[in-house]
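Trainee: Predicted coordinates and the sequence they were generated for:
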Amino acid sequence: MTGGGAANRIGDYEVVRSLTDRLTGGRASVLAARPPARLGVGPGEVVLHLIDADPERLAAAAEHFRAVAAAHADHVVGLVEVGRDDSGPTPVAYCTVEYQPSGSLADNAGLETAAALRALAGAARGAHELHQAGLVHGDIRPATVLLSGGHGGVLAAPLPPSASPPGQTATADPPGRLETLEPGLLMGDAPCRASDVWALGATAHRALTGRSLHPSLETDDPLTAAQRALFEPPVLDPGLTAGHAALIARCLRPDPADRPESAAAVADAFEDLAGAR
């Protein structure tokens, strides 16, 4: 948790605590920190995602940061900076994002249905804003749908690939991610707008029911779970209302052309179900 000789510091950030278990299930080092005055982001906390310090990976992360910042997405948590601390024996690189103190849908199990739908609508708006800028999120799941008073919900900023340790696979990803991956992604397809729509549907299912689309995923070993997610069709919880089930089923249709035409359309549907439009 340190860079250089100063305890509890990375660069000019003061590390407060680890958020790894809360946000990623151990996927990568994620820290809450107090930002330096030079950033002008106020006295609160920010989140540091430690990333691969290899110069090429860091350059790619910086380019990713510039692209996301240029999207000017109101419903996506802001990226602050990408940096590197070379003051210690081992270089430490990081991606800084804004902190959302209310947590995510993963932190708020049992959230009232209308509030969950509003949070999902905000995240879907964020996905659409990224799509309009030519970007794909690629990691929509309950832990990346964050609660926000102003918008109901916002989408966590999409992190660069180097934000997870080299060699990481879907089977080692945090809880809740495997079930939100369109099967094509498990076969090596690149994330796309349609796979983000799939993820919004899968995330809604978990948020509204507390259950996985693949119940066996919660008990199987990682390899078997990945096989089940790939070859077994998702199963909707029978407790869903007809309206909720219909929307989720549309998002999960095998043919991407049969899914909602945009994340904005999904956001509209979430708002309609929440009675917010």
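Mentor: That came in fine, so what should we check first? Residues are numbered from 1 along each chain as shown.
Trainee: any idea which helix or strand comes after the lengthiest helix in the chain?
Mentor: Taking DSSP state H as the assignment, the helix of the chain that covers the most residues is helix 113-132. The element immediately downstream of helix 113-132 (helix or strand, assigned by DSSP states H and E) is strand 145-148.
Trainee: Which is the succeeding secondary structure element to that next one?
Mentor: Following strand 145-148 in sequence, per DSSP H and E, is strand 152-155.
Trainee: and that next one, what does it pack onto?
Mentor: Using 3 or more Cβ pairs under 8 Å, 6 or more residues apart in numbering; DSSP states H and E, the elements in contact with strand 152-155 are helix 113-132, strand 145-148. The C-beta positions use only the backbone N, C-alpha and C, and glycine is treated the same way.
Trainee: what's in contact with it?
Mentor: 73, 75-77, 100, 105, 115, 118-123, 126-127, 130, 137, 140, 144-148, 276 (Cβ atoms under 8 Å, 6 or more residues apart in numbering).
Trainee: go with 6 Å
Mentor: H75, V76, V77, R118, A119, G122, A123, G126, V145, L146, L147, S148 (Cβ atoms under 6 Å, 6 or more residues apart in numbering).
Trainee: And for stretch 53-69?
Mentor: With Cβ under 6 Å, 6+ apart, stretch 53-69 has contacts from I51, L79, V82, R84, P91, A93, A157, P160, S162.
Trainee: Could you dump the helices and strands packed on strand 152-155 into CSV and include mean neighbour count, mean pLDDT and distance to E14?
Mentor: Converted to CSV, the helices and strands packed on strand 152-155 look like this (neighbours: other Cβ atoms under 10 Å; pLDDT from 0 to 100; distance: least, Cβ to Cβ, whole Å):
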stretch, mean neighbour count, mean pLDDT, distance to E14
helix 113-132, 24, 97, 29
strand 145-148, 25, 93, 23
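Trainee: out of the ones you listed, nearest to G11?
Mentor: strand 145-148 (24.6 Å; Cβ to Cβ).
Trainee: Export that closest one to PDB, keeping only CA atoms.
Mentor: The C-alpha trace of strand 145-148 is given here as PDB (Å, rounded to 0.1, in the frame of the first residue of the first chain):
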ATOM      1  CA  VAL A 145     -23.500   0.400 -10.700                       C
ATOM      2  CA  LEU A 146     -23.000   3.100  -8.000                       C
ATOM      3  CA  LEU A 147     -25.700   4.900  -6.100                       C
ATOM      4  CA  SER A 148     -25.800   8.600  -6.600                       C
END
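Trainee: shaky segments in the stretch 1-150 of the chain?
Mentor: Within the stretch 1-150 of the chain, the stretches with pLDDT under 70 are 1-7, 20-28, 150.
Trainee: Helices along that one, start to end?
Mentor: Using DSSP state H, counting those that start in this stretch, the helices of the stretch 1-150 of the chain run over residues 20-24, 55-70, 113-132.
Trainee: Of these, give the one that comes closest to A265.
Mentor: Among the helices of the stretch 1-150 of the chain, helix 113-132 sits nearest to A265 (Cβ to Cβ), with 8.6 Å.
Trainee: Alpha carbons of that closest one, in PDB - could you do that?
Mentor: The C-alpha coordinates for helix 113-132 follow below in PDB (Å, rounded to 0.1, in the frame of the first residue of the first chain):
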ATOM      1  CA  THR A 113     -37.200  -1.900  -6.100                       C
ATOM      2  CA  ALA A 114     -37.800   1.600  -7.400                       C
ATOM      3  CA  ALA A 115     -34.500   2.800  -6.100                       C
ATOM      4  CA  ALA A 116     -32.700  -0.100  -7.700                       C
ATOM      5  CA  LEU A 117     -34.400   0.600 -11.000                       C
ATOM      6  CA  ARG A 118     -33.400   4.300 -10.800                       C
ATOM      7  CA  ALA A 119     -29.800   3.300 -10.200                       C
ATOM      8  CA  LEU A 120     -29.900   0.900 -13.100                       C
ATOM      9  CA  ALA A 121     -31.400   3.600 -15.300                       C
ATOM     10  CA  GLY A 122     -28.500   5.900 -14.400                       C
ATOM     11  CA  ALA A 123     -26.000   3.300 -15.200                       C
ATOM     12  CA  ALA A 124     -27.600   2.600 -18.500                       C
ATOM     13  CA  ARG A 125     -27.500   6.300 -19.300                       C
ATOM     14  CA  GLY A 126     -23.800   6.200 -18.600                       C
ATOM     15  CA  ALA A 127     -23.300   3.200 -20.900                       C
ATOM     16  CA  HIS A 128     -25.100   5.100 -23.600                       C
ATOM     17  CA  GLU A 129     -22.900   8.100 -23.100                       C
ATOM     18  CA  LEU A 130     -19.800   6.000 -23.500                       C
ATOM     19  CA  HIS A 131     -21.300   4.300 -26.600                       C
ATOM     20  CA  GLN A 132     -22.000   7.600 -28.200                       C
END
